[in-house]
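Undergrad: Sequence and predicted structure, then a few things I'm wondering about:
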Amino acid sequence: MPPAPNPFGVSLPVSALLPPEDDVTCLLPGPNSVSAHLAERLAAVPDVPASLIVLGLLRGDGAGPIHVSALAAATAVVARSLRGDDWLGRSGSDEFAVLLGSSAPSAEVAATRLTTAISELGIPGLGACAGVVALEAGITAAETMHRATGFLQTARSLGRGAVVRHAG
């Protein structure tokens, strides 16, 4: 059987369909995977404590999206900073979701370490903030993510390097 004709009349090279070489962020699980993994971890909360960090990147001038190379550098720093049982995904265009198998105070220390590491990359104007929540039995993945992003927004209002943790 002959191949079907191309209705578009244009042939794109495969490389045109792939992400740029320096865009490693596209390799991370996206928001849907973050929600699914968060729901799985919440089911185990009574037996295994866990926390969620939502780490947001900041530009110094606040205008426009963060450049792909800065996202790639931040992704590499965050990925290298995590332990083997930690989990990393993208929760937004300039946000990372990090699930840790530890208490909220320990996650707050890790979040501070991550925001500092991103600031130390030496990329002009690039910084980070974080919102931290402990995973709680009976709370949905959507509510947990909502809480963490709310604390991230509070941290962003405080400025670069701020980490805000739910104390409840």
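TA: Nice, I can see it. Numbering: from 1, shown residues only.
Undergrad: Mind giving me the packing neighbours of the longest helix seen in the chain?
TA: Looking across the chain with DSSP state H, the single longest helix is helix 141-158. Secondary-structure packing of helix 141-158 (3 or more CB pairs under 8 Å, 6 or more residues apart in numbering; DSSP states H and E): helix 31-43, strand 51-58, strand 95-100, strand 127-134, strand 163-165. Bear in mind the C-beta positions are built from the backbone N, C-alpha and C, glycine included.
Undergrad: Could you verify my assumption that residue 85 touches residue 101?
TA: Yes - at 5.1 Å, residue 85 and residue 101 qualify as touching, with contact defined as CB atoms under 8 Å.
Undergrad: Compare these two (neighbour count), which wins?
TA: Each of residue 85 and residue 101 has its neighbours counted (other CB atoms under 10 Å); residue 101 has more, 18 against 11.
Undergrad: Tell me the pLDDT of the more buried one.
TA: Reported pLDDT at residue 101 in the predicted model: 91.
Undergrad: so who does the most centrally placed residue in the chain touch?
TA: The centre of the chain sits closest to residue 96, judged by CA atoms, centre = their mean, with a distance of 0.7 Å. Residues in contact with residue 96 (CB atoms under 8 Å, 6 or more residues apart in numbering) are 28, 53, 54, 55, 56, 74, 75, 78, 88, 89, 90.
Undergrad: what do you get if the cut-off is 6 Å, keeping everything else the same?
TA: Shown in contact with residue 96 (CB atoms under 6 Å, 6 or more residues apart in numbering): 55, 78.
Undergrad: Distance-wise, check it relative to residue 47.
TA: Going from residue 96 to residue 47 by CB to CB, to the nearest Å gives 26 Å.
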